[in-house]
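1. need a structure here:
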Amino acid sequence: MKALLLRDLRLAVRAGGGFGLALAFFLIVCTLVPFGIGPEGGTLARVAPGILWIGALLSCLLSLDRIFALDHEDGSLDLLATAPLPLEGIVAVKALAHWLTTGLPLVVFAPVLGLLLHLPGPAYGWLVVSLALGTPALSVLGAFGAAVTVGLRRGGLLLSLLVLPLYVPTLIFGAEAVRRGAQGADGGTPLVFLAGISLASLALMPFAGAAALRVNLR
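-> Numbering: from 1, shown residues only. Here you go, the predicted structure:
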């Protein structure tokens, strides 16, 4: 599992698998918003929680189709399917590699972009915690979607249509936690739901993804 994880991390960095692409897209989204709605600080502060979470969600979405596509193209996926490591473990490792190269940089970089959107000071801690709790769910749900669409022509569009509805609860609770933090209220309840979504996804989606891979590799 460690060798597979290190291999995926190297591929993500060398082949543009999302390490820099996600951050660049996140920056573009947060930079364009002031041009679209105006530079007024009060307006930006109100929409900042939702914009930051939408930007993070879409940034995670960009590289999902590469989770299994490269392995499918060069035949590595067939070899992994016959390896001693179960497919459930392979899906989990792929999701972890995606989070380390996409989700974790977003968590670290998000407070910097919060400055561009005039995010209130009390909300920064809630933003980091909510992204840290929510982005693992985005990666593992995305790995499931990538497993379902692996090998399909124009699978990226189908992957987006499949995964985006699954991302909605994470988006709602993540943005709500930051919004409450920006208002000086307690965002603990949305964070509990967010953690529950991530834990449920981590427990169930590797099995669902492995079942999808078995069907697609027959």
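2. If we ignore the residues flanking it in sequence, what's nearest E176?
-> Computed as Cβ to Cβ, 6 or more residues apart in numbering, the closest residue to E176 that is not its neighbour in sequence is P190, at 4.4 Å. From N, CA and C alone the C-beta is placed, and that goes for glycine too.
3. Give the buried residues for stretch 176-195.
-> Of the residues in stretch 176-195, 176-182, 187, 190-191, 193-195 count as buried by neighbour count, 16 or more other Cβ atoms under 10 Å.
4. next one: stretch 24-44
-> Buried, per 16+ other Cβ under 10 Å, within stretch 24-44: 25-27, 29-30, 33-34, 44.
5. This structure: helices as residue ranges?
-> Ranges of helices in the chain, per DSSP state H, are 2-14, 19-37, 41-62, 66-74, 76-81, 87-98, 104-116, 123-149, 155-182, 188-216.
6. Highest mean neighbour count out of those?
-> Most buried of those by mean neighbour count (mean count of other Cβ atoms under 10 Å) is helix 123-149; its value is a mean of 25.
7. and it, what does it pack onto?
-> Contact here means 3 or more Cβ pairs under 8 Å, 6 or more residues apart in numbering; DSSP states H and E; on that basis helix 123-149 packs against helix 41-62, helix 66-74, helix 87-98, helix 104-116, helix 155-182, helix 188-216.
8. how far out from the middle of the chain is the longest one?
-> Taking the mean C-alpha point of helix 188-216 and that of its whole chain, the gap between them comes to 12 Å (Cα atoms, centre = their mean, to the nearest Å).
9. Since that was my last question, I'll sign off now.
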